[in-house]
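In: got a predicted structure here, sequence first:
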Amino acid sequence: MRPFEYARAGEASEAVSLGGRFIAGGTNLLDLMKLQVETPDKLVDITRLPMRDIEATDDGGLRIGALVTNSDLAADKRVRDDYPVLSRALLAGASGQLRNKATTGGNLLQRTRCGYFYETSQPCNKREPGSGCGAIGGFNRIHAILGTSDKCIATHPSDMAVAMQALEASVETLKADGSTRTIPLIEFHRLPGDTPEIETVLEKGELITAVRLPKSLGGTQIYRKVRDRASYAFALVSVAAIVKMKGGEIEWARLAFGGLAHKPWRDTAVEDVLKGQAPSRALFDRAADALLAEAKGHGENDFKIPLARRTLVSVLAEATQGA
Amino acid sequence: MITLTINGEEHRLDVDPRTSLLDACRDHLGLTGSKKGCDHGQCGACTMLVNGRRINSCLTLAVMHEGDEITTVEGLGEPGNLHPMQAAFLEHDGFQCGYCTPGQVVSAVGMLGEVADGWPSNASKDLQNGAELSGEEIRERMSGNLCRCSAYPNIVDAIETAAKTTKEPA
């Protein structure tokens, strides 16, 4: 690990004025620093900031402090009762030890698990802009099939963020100049384009302070994760689904996908196919057609296209059961 | 200089900011019970309790833990006065080479604390009500601890036994 200066912030305003990389749970950042994939000159420890509460909001939703651990969020009674898709997604991620350390804000900012990003002897446009992409034409079994560019085909590894995407969460931040803003999660992560090193719309020195969930809309909530092992593995494909039935028809559906793209993927065209329709295998296939219209495999990950279809069809069948 | 509270005792030490909590304990304080397996948070051999919750001590900086109550395997029990989890691992032969064992034991103690607090797991059919600690639940909840000797069946048996005699962590 490269040497760095360490500073501990007592208040959010102090944290953003200190300059440097924020560290909270550290489970991803320190891992990458050991490999010298990340080489910050300065770390600002934000773990003492008062951002560990989950509060009810005036509009009936929840405001989750950025430092709430993945464990505490998954176990919160309000989350379990009203946002079960989020509890399920969190519990499907990482291990007990990691969930006890990893935070809500940090989870959103996880870096990709692409092997070329991790291996500093290999080209990677995300780690070293302009060096090329080893995964295109290389080992790319875990890589993206949607929203890729000729510079990067990495995926975002979070489960939590996929559920939050379906829940239409938003991200509260504090900028270095003291101003605050709220960013809808759908606009928070970027596609790789020509600048895969830029993963979110956060500005330099901007701190995530909380994530807001709107009032629960109920419905049947499912998080389905398909992976290589039964536990403690990243998603090959995951689906977060919230489906509301009415009179034997799908009143509305919200769907988000993990393992498929550089960001937690949501495509409302898929939801539009389902809206107001009676559930059937043919309908679910049309939804999958909409999801995968632009999907592109890169060799080893070609299997993700039929896997995403089967996973979506299966989740929709479960969500509309007994309708 | 930083002050760490480990197994109820305060330690003053001078460490480079890069020092992990694991290395601080092993290399600076002679607490070598916690093991370094992968050093990347994948194997669980370094598991410690911080304020009663289990974490990977290799993936956190010592300087970040001033004021925290840290428990290592040395703080759970000692020869002649074993923690029920340690005794259960002996009784069920829950190891072969033993390298992962301190992490397994500490993780299992932390895990039982989580169960006592009603935390669900990915194996729980029902999110709302506390889970019964079945073999399936133990396997899921302990998936962050690898055993290259694959002593898993006996590890699960040991934890099932200890669960009946302990309800609180550490």
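Out: That came through, no problem. Numbers count the residues shown, from 1 in each chain, chains lettered A, B, ... in the order given.
In: distance of residue A:199 from residue B:26?
Out: 35 Å (CB to CB, to the nearest Å). For every residue, glycine as well, the C-beta is placed using N, CA and C.
In: who's more crowded, these two?
Out: Neighbour totals were compared for residue A:199 and residue B:26, and residue A:199 leads with 23 against 19 (other CB atoms under 10 Å in any protein chain shown).
In: tell me where the stretch 1-150 of chain A has helices.
Out: Assigned by DSSP state H, counting those that start in this stretch, the helices in the stretch 1-150 of chain A fall at A:12-18, A:29-34, A:70-75, A:77-82, A:84-91, A:96-101, A:104-108, A:115-118.
In: tell me how far the residue lying closest to residue A:257 once chain neighbours are set aside lies from residue A:178.
Out: Of all residues not flanking residue A:257 in the chain, residue A:265 sits nearest, at 4.2 Å (CB to CB, 6 or more residues apart in numbering or on different chains). For residue A:265, the distance to residue A:178 equals 34 Å [CB to CB].
In: more neighbours, these two?
Out: Taking other CB under 10 Å, residue A:265 and residue A:178 do not tie; residue A:265 has more neighbours (27 against 10).
In: quick check: phi and psi at that one.
Out: Backbone geometry at residue A:265, expressed as degrees, to the nearest 10, gives phi -90, psi 130.
In: pLDDT at it, what is it?
Out: Residue A:265 is assigned a predicted lDDT (pLDDT) of 98.
In: now the helices of the stretch 1-150 of chain A as a markdown table including distance to chain B and mean neighbour count?
Out: Below are the helices of the stretch 1-150 of chain A laid out as a markdown table (distance: least, CB to the nearest CB, whole Å; neighbours: other CB atoms under 10 Å in any protein chain shown):
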| stretch | distance to chain B | mean neighbour count |
| --- | --- | --- |
| helix A:12-18 | 14 | 18 |
| helix A:29-34 | 5 | 21 |
| helix A:70-75 | 4 | 24 |
| helix A:77-82 | 5 | 17 |
| helix A:84-91 | 4 | 27 |
| helix A:96-101 | 5 | 26 |
| helix A:104-108 | 12 | 26 |
| helix A:115-118 | 10 | 21 |
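In: make TSV out of those and add mean pLDDT and distance to residue A:44.
Out: Converted to TSV, these look like this (pLDDT from 0 to 100; distance: least, CB to CB, whole Å):
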stretch	mean pLDDT	distance to residue A:44
helix A:12-18	97	5
helix A:29-34	98	11
helix A:70-75	98	21
helix A:77-82	97	28
helix A:84-91	98	26
helix A:96-101	98	17
helix A:104-108	98	13
helix A:115-118	98	24
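In: nearest residue to residue B:104 in space, please, no chain neighbours.
Out: Distance criterion CB to CB, 6+ apart; nearest residue to residue B:104, sequence neighbours excluded, is residue B:145 at 5.0 Å.
In: my read is that the one you found contacts residue B:102, right?
Out: No - if you go by CB atoms under 8 Å, residue B:145 and residue B:102 don't touch, sitting 10.3 Å apart.
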